[in-house]
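1. Whatever this is, show me its structure:
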Amino acid sequence: IQEDLIFMDLRMPVMDGEEATRRLTAMQVTRHIPVLLLTAHVRSTDHGDFLKSGAREVLLKPIHRADIIAALERHIPESVRETTTTAAP
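-> Residues are numbered from 1 along each chain as shown. Model (predicted):
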C-alpha cells in the first residue's frame, strides 16, 4: 500500500469509521498509515474512544484548509514531505 495518510469519515453506512480504523490498524500492511477521522457530530468525551480505535486524530467538519494543512504537517513523515515538494515542478 502506497498511501501516506487516510482521511476516514466517522459516520458511514454498513461499517463506521471507528470500526474500519480498528480493522486497518490491525492489518500489518496498513498499521503504520495514520488514520484521521472526520465528523460533523462528536462529543468531546468521544475523542478518547476514537483514538483507542487506532485513529491519530479526529477533525471536525466543516474542515478548513488550515486544518488540513496542519494535520498533514503533524502526520505525514518529513521524508515523505521532502519527496513530494522536491518532485513538484
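2. now the strands: where do they sit in this protein?
-> Taking DSSP state E to define them, one finds strands in the chain at 6-9, 35-39, 57-60.
3. among those, which is the most enclosed?
-> strand 35-39 (a mean of 22; mean count of other Cβ atoms under 10 Å). For the C-beta atoms, the positions are set from N, CA and C on the backbone; glycine is no exception.
4. pLDDT on that one, on average?
-> The pLDDT scores in strand 35-39 average 90.
5. Over to stretch 58-67?
-> 90.
6. can you list the strands of the chain in JSON lines and add distance to residue 21?
-> Listed next are the strands of the chain as JSON lines, based on distance: least, Cβ to Cβ, whole Å:
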{"stretch": "strand 6-9", "distance to residue 21": "6"}
{"stretch": "strand 35-39", "distance to residue 21": "5"}
{"stretch": "strand 57-60", "distance to residue 21": "10"}
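7. nearest to residue 69, of those?
-> Among these, strand 57-60 comes nearest to residue 69, with 11.7 Å by Cβ to Cβ.
8. Remind me what the closest one packs against, helices and strands.
-> strand 35-39, helix 47-52, helix 65-75 (3 or more Cβ pairs under 8 Å, 6 or more residues apart in numbering; DSSP states H and E).
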